[in-house]
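Trainee: all I have is the shape, not the residue letters:
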């Protein structure tokens, strides 16, 4: 079985960072760049591991941005398979969220596993419901939306359910499995705790070839099976210090993986992280020891910004290329 897919996450459409409509446009441009990469590369599918939107209550412009991007995929016959992240999850009492709306419009396939007594009910996707889908013969994709503090128990229960399903998968001719999850992982961000440990995630490894993560905006990969592409746009100034990030392009070829490769733990895929274009961030530093009043500080900041803009020809740049300071 051979296939290619694009893995992205944490798009955050609708985020007008610093109360700037132009920053809202930047997040849309980053999304369109990822979509264009998928079309240009001719991938078989796109997987979106949560947080397409920045918040659950979106405006018409943000919805239009999502529809425009997903329509490009549909026109290219590239399905988008998605899960909900923490930013866009609908309220418990809401009948439909905006991700459900996009699924109704057949712009994406939203995987929504149901839990009964703490156990996931593994069901094939049909009529806009289900926990997994087989978009390509031999390929199965499972999805777990954001479940917050329940992630630890949910992952353990999912691993048990996958073990029970293993024989059925073999009969179905499944050669490669992807598992999407929107959750934190310990050790990636030093200032954050409470994420899943690698030991907790390891229970999925016997049943999953590619663990597609979202939620943490910093890119990472682990042991050739856990992948997180990071956010295509810069959601906070601290992210400007991180490595380039954007999306993974993954080539799967189970035909070239023999028994020796399998025993030695060599993956059935090759994944490469690519950076999409994004607006530059510049951090300027100013010594303030000699400044005695707030007015003096404001004046000094203003003068520094004017000098930097002049020295770097900022005003000559198109509006969408001017950096965030």
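Mentor: Everything's here; your move. The structure displayed is predicted, hence computed values, not measured ones. Numbers count the residues shown, from 1 in each chain.
Trainee: and residue 29, which helix or strand is it part of?
Mentor: Under the criterion of DSSP states H and E, residue 29 resides in helix 21-41.
Trainee: gap between residue 114 and residue 161?
Mentor: 12 Å (Cβ to Cβ, to the nearest Å). C-betas here are computed from N, CA, C, even on glycine.
Trainee: each with direction, which strands does the helix or strand following the helix holding residue 29 pair with?
Mentor: Per DSSP H and E, helix 21-41 leads on to strand 45-48 as the next helix or strand towards the C-terminus. Looking at strand 45-48 with DSSP bridges, its partner strands are strand 2-8 (parallel), strand 80-82 (parallel).
Trainee: give me the contact list for the first one.
Mentor: Just to be clear, that refers to strand 2-8. Strand 2-8 has contacts (Cβ atoms under 8 Å, 6 or more residues apart in numbering) with 34, 37-38, 41-49, 136, 139, 176, 178, 210, 212, 227, 229, 232, 246-255, 271.
Trainee: same thing but 7 Å
Mentor: 34, 37-38, 41, 43-49, 136, 139, 212, 227, 229, 232, 247-253, 255 (Cβ atoms under 7 Å, 6 or more residues apart in numbering).
Trainee: of these, buried ones?
Mentor: Listed as buried from the contacts of strand 2-8 are 34, 37-38, 43-49, 136, 139, 212, 227, 229, 232, 247-250, 252; burial here means 16 or more other Cβ atoms under 10 Å.
Trainee: show me where the protein has helices.
Mentor: Per DSSP state H, the chain carries helices over the ranges 21-41, 60-75, 98-104, 151-171, 198-201, 259-263, 294-311.
Trainee: ranked by average pLDDT, which of those falls at the bottom?
Mentor: Lowest mean pLDDT of those: helix 259-263, a mean of 50.
Trainee: and residue 158, how far from residue 107?
Mentor: 26 Å.
Trainee: what about these two, which has more around it?
Mentor: Set residue 158 next to residue 107 and count neighbours by other Cβ atoms under 10 Å: residue 158 wins out with 24 against 20.
Trainee: a markdown table please, covering the helices of the chain and showing distance to residue 53.
Mentor: Below are the helices of the chain laid out as a markdown table (distance: least, Cβ to Cβ, whole Å):
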| stretch | distance to residue 53 |
| --- | --- |
| helix 21-41 | 10 |
| helix 60-75 | 7 |
| helix 98-104 | 6 |
| helix 151-171 | 20 |
| helix 198-201 | 26 |
| helix 259-263 | 39 |
| helix 294-311 | 32 |
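Trainee: excluding chain neighbours, what is closest to residue 239?
Mentor: Distance criterion Cβ to Cβ, 6 or more residues apart in numbering; nearest residue to residue 239, sequence neighbours excluded, is residue 217 at 5.7 Å.
Trainee: any stretches of the stretch 201-325 of the chain with poor pLDDT?
Mentor: Applying pLDDT under 70 to the stretch 201-325 of the chain flags the ranges 257-266.
Trainee: now do the strands in it.
Mentor: Taking DSSP state E, counting those that start in this stretch, the strands of the stretch 201-325 of the chain run over residues 210-214, 220-222, 226-228, 246-253, 269-275.
Trainee: can you check which of those strands gets nearest to residue 69?
Mentor: Proximity to residue 69 (Cβ to Cβ) singles out strand 246-253 among those, at 13.0 Å.
Trainee: neighbouring strands of the closest one in the sheet, and parallel or not?
Mentor: Using DSSP bridges, the strands paired with strand 246-253 are strand 2-8 (antiparallel), strand 269-275 (antiparallel).
Trainee: what about the first one, average pLDDT?
Mentor: Read it as strand 2-8. Rounded mean pLDDT across strand 2-8 is 97.
Trainee: got the angle between that strand and helix 60-75?
Mentor: Strand 2-8 runs at 170 degrees relative to helix 60-75, counting by axes from the mean of the first three to the mean of the last three Cα atoms, to 10 degrees.
Trainee: so strand 2-8 versus strand 210-214, what angle?
Mentor: With the same axes, to 10 degrees applied, the angle from strand 2-8 to strand 210-214 works out at 20 degrees.
Trainee: show me what contacts residue 83?
Mentor: Counted by Cβ under 7 Å, 6+ apart, residue 83 has contacts 49-50, 111, 143-145, 180, 182.
Trainee: quick one on the thing from earlier: closest one to residue 122 among the helices of the chain?
Mentor: That would be, of the helices of the chain and by Cβ to Cβ, helix 151-171, which comes in at 5.4 Å.
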